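In: based on what follows, work out the 3D shape:
(4 chains)
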There are 2 protein chains.
Amino acid sequence: MSAGRQPSAAATASRRTRPTRAETRARVLAAALEVFGQRGIAASTVSDVAAAAGMTKGAVYSSFASKDELVLAIMEEHAMQRLTAALAGFAETDDPQAAIGRVGTVLVEAIRSDAVWHRLLAEYFALAHHDPDTRLALRNRRREARDAVSRALSGLSEGLGVPLPLPADQLAVVLFAISNGLGIEAGIDPDAVPDELLGRVLALIARDFLAATAQRRAAPQPDPPRQP
Amino acid sequence: MSAGRQPSAAATASRRTRPTRAETRARVLAAALEVFGQRGIAASTVSDVAAAAGMTKGAVYSSFASKDELVLAIMEEHAMQRLTAALAGFAETDDPQAAIGRVGTVLVEAIRSDAVWHRLLAEYFALAHHDPDTRLALRNRRREARDAVSRALSGLSEGLGVPLPLPADQLAVVLFAISNGLGIEAGIDPDAVPDELLGRVLALIARDFLAATAQRRAAPQPDPPRQP
DNA sequence: GTGATTCGATACCCGTTAGTATCGAGTATT
DNA sequence: AATACTCGATACTAACGGGTATCGAATCAC
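Out: You can find the predicted model right below:
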């Protein structure tokens, strides 16, 4: 792309009658999330998505090469966004104990607000299986996400000098599995999954860890590394 | 159905040139499980299923009213079969402690051998969402399954006089969620889910329960249940 | 054996939907 | 202002797949 003179965004925004490329892309993606989440990926047509975005098929196909690519884009976009949100839960505080409670909160929030996402992931996971490329992509993405969570957990553990109940990478898998699994169950039968359930389960799994950190904070010792 | 004279099965089996209704139904169901599991429900055509069963569409439609009904049949069939297998894990022994270990084993077995099933369930769950009837059916079936597991857990707890780490119904939900969630993760990335992971997690969740039962067996007391 | 009935194969219909060709309105470039 | 270019709407195609009508053959009832 030649870096031609671009009029300032503010100046153009008001006088522009046709939305910019990025705008339509974003609108289509948002609409796709909506529509796919509602009716399912397979059951939704490209025209549906376009209509929900207030456009026609042509607009979609001028921004995305195929329906598959649209699906892929939406998954990547949302997955990234969700991962960063989750990691923020870990990193956002310098009180590690609070971080633990926060993990549960963040995940519960995610489950409740993002029920749509769980449905999509389930269907995508099913769809992905018969396309090797998509399958590998999904696997790698999942691996990255797990690694990120795993590192965060390791950091937490080392910072406190308290061992995790399971190896960090396995704990990460379990976190994903429980959160996703409960999300799915909640999607099938919301009444079956009370709000506090995930928190309780995590507390059970991490009981020793929590007890040890509490004890450590109560009677701090100079020896191991600790940060208040 | 009038109970007309039926020739003995053995006599007819060898001389019969056309398979009986039940046979073709079974063949179609088996083929459907195969094909749907491989390519996904939405991506499979009725002709595909028929071909895999060594028949044609007509045969399928003479046994099942629609593709949806075929899908429903396969889900019910397999779900039932799987639930009874799981419950057998609980009931098959009169040593309750061993039963707990067995639950983990059964579930792990199920996860590993039945990866296909998890994919199917995921897709079915996604598909079910836009059809109210299917949705309700799935919800009720799920509820029954949970209740069955829940009752088994309660029985276990009362038999031992040791309280469960969570209310039985919630524990049942968690069991389903973890098993399903890990199944999905394993489907995406088999390396990420070691065989013993589920067992370890269950052990963590039920740690107190296990400890109490062990203690109780070592030094049984007639008095009320106590937890350290 | 003979007629009634069922099952499954073949051929067909019809709706649906991913994808495309084209063209005009908007937008950058000079 | 005139030019080249981009984006998106409209109209279309091509193919696919669910479902059905029909008909021959195998089975059952008598």
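
In: from the chain's centroid, how far away is stretch A:175-190?
Out: How far stretch A:175-190 lies from its chain's middle: 14 Å, per C-alpha atoms, centre = their mean, to the nearest Å.

In: what is the mean pLDDT for the helix of greatest length in chain A?
Out: Counting by DSSP state H, the longest helix found in chain A is helix A:132-160. Across helix A:132-160, pLDDT averages out at 87.

In: residues of that helix that come out buried?
Out: Judged by neighbour count using 16 or more other C-beta atoms under 10 Å in any protein chain shown, the buried positions of helix A:132-160 are A:134-135, A:138-139, A:141-143, A:145-146, A:148-150, A:152-154, A:156-157, A:160. Using the backbone N, CA and C atoms, a C-beta is placed for each residue, glycine as well.

In: and DNA strand C, is that helix touching that?
Out: No - Helix A:132-160 stays clear of DNA strand C (C-beta under 7 Å from any atom of the strand), getting no nearer than 13.4 Å.

In: show me what that helix is packed against.
Out: Helix A:132-160 is packed against helix A:67-91, helix A:96-113, helix A:115-128, helix A:168-188, helix A:207-218, helix B:168-188, with contacts defined by 3 or more C-beta pairs under 8 Å, 6 or more residues apart in numbering or on different chains; DSSP states H and E.

In: next, the residue in chain A that DNA strand D sits nearest to: phi, psi?
Out: Distance from DNA strand D to each residue of chain A (C-beta to the nearest atom of the strand) is smallest for residue A:58, at 2.4 Å. With angles defined as degrees, to the nearest 10, residue A:58 sits at phi -50, psi -40.

In: once you drop chain neighbours, what's closest to it?
Out: residue A:50 (7.9 Å; C-beta to C-beta, 6 or more residues apart in numbering or on different chains).

In: what's the local residue count around that neighbour?
Out: Number of residues near residue A:50 (other C-beta atoms under 10 Å in any protein chain shown) recorded here: 21.

In: for residue A:167, same thing?
Out: 16.

In: so residue A:164: helix, strand or coil?
Out: At residue A:164 the chain is in coil, as set by DSSP: H, G, I helix; E, B strand; the rest coil.

In: correct me if wrong: it contacts residue A:158.
Out: No - look at residue A:164 against residue A:158 with C-beta atoms under 8 Å: they stay out of range, at 9.7 Å.

In: now the longest helix of chain A and helix A:67-91, what's the angle there?
Out: 0 degrees (axes from the mean of the first three to the mean of the last three C-alpha atoms, to 10 degrees).

In: centroid-nearest residue for chain A?
Out: The residue lying closest to the centre of chain A (C-alpha atoms, centre = their mean) is residue A:82, at 2.5 Å.

In: let me see the contact set for that residue.
Out: With contact set as C-beta atoms under 8 Å, 6 or more residues apart in numbering or on different chains, residue A:82 has these partners: A:110, A:114, A:117.

In: any idea how many residues pack against the spatially closest residue to residue A:134 that is not a sequence neighbour?
Out: Counting by C-beta to C-beta, 6+ apart, residue A:134 lies nearest to residue A:128, which is 4.4 Å off, once chain neighbours are set aside. For residue A:128, the neighbour count with other C-beta under 10 Å is 24.

In: I'd assumed residue A:81 was in contact with residue A:110.
Out: No - judged on C-beta under 8 Å, residue A:110 makes no contact with residue A:81 at a distance of 10.8 Å.

In: separation between the nearest residue to residue A:52 once chain neighbours are set aside and DNA strand C?
Out: Leaving aside its chain neighbours, residue A:52 sits nearest to residue A:31 (3.9 Å; criterion: C-beta to C-beta, 6+ apart). Distance of residue A:31 to DNA strand C, computed by C-beta to the nearest atom of the strand, to the nearest Å: 14 Å.

In: could you do residue A:212 as well?
Out: Remark: distance between residue A:212 and DNA strand C (C-beta to the nearest atom of the strand) = 53 Å.

In: just checking, that residue touches residue A:164?
Out: No - with contact taken as C-beta under 8 Å, residue A:212 and residue A:164 are classed as non-touching, separated by 10.5 Å.

In: the two: who's more crowded?
Out: Neighbour count, other C-beta under 10 Å: between residue A:212 and residue A:164, residue A:164 has more, with 19 against 15.

In: how close does that one get to chain B?
Out: 11 Å (C-beta to the nearest C-beta, to the nearest Å).

In: OK, contacts around the residue lying closest to that residue once chain neighbours are set aside?
Out: With C-beta to C-beta, 6+ apart as the criterion, residue A:164 has its nearest non-adjacent residue at 4.8 Å, and that residue is residue A:157. By C-beta under 8 Å, 6+ apart, residue A:157 lies in contact with A:163, A:164, A:168, A:209.

In: dump those into CSV; add pLDDT as well.
Out: Below are the contacts of residue A:157 laid out as CSV (pLDDT from 0 to 100):
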residue, pLDDT
A:163, 93
A:164, 93
A:168, 96
A:209, 85
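
In: most widely separated two among these?
Out: A:168 and A:209 (11.7 Å; C-beta to C-beta).

In: measure the closest residue to residue A:78 other than its chain neighbours to residue B:212 for me?
Out: Excluding the flanking residues, the one nearest residue A:78 by C-beta to C-beta, 6+ apart is residue A:117, at 6.3 Å. The gap separating residue A:117 from residue B:212 is 39 Å, by C-beta to C-beta, to the nearest Å.
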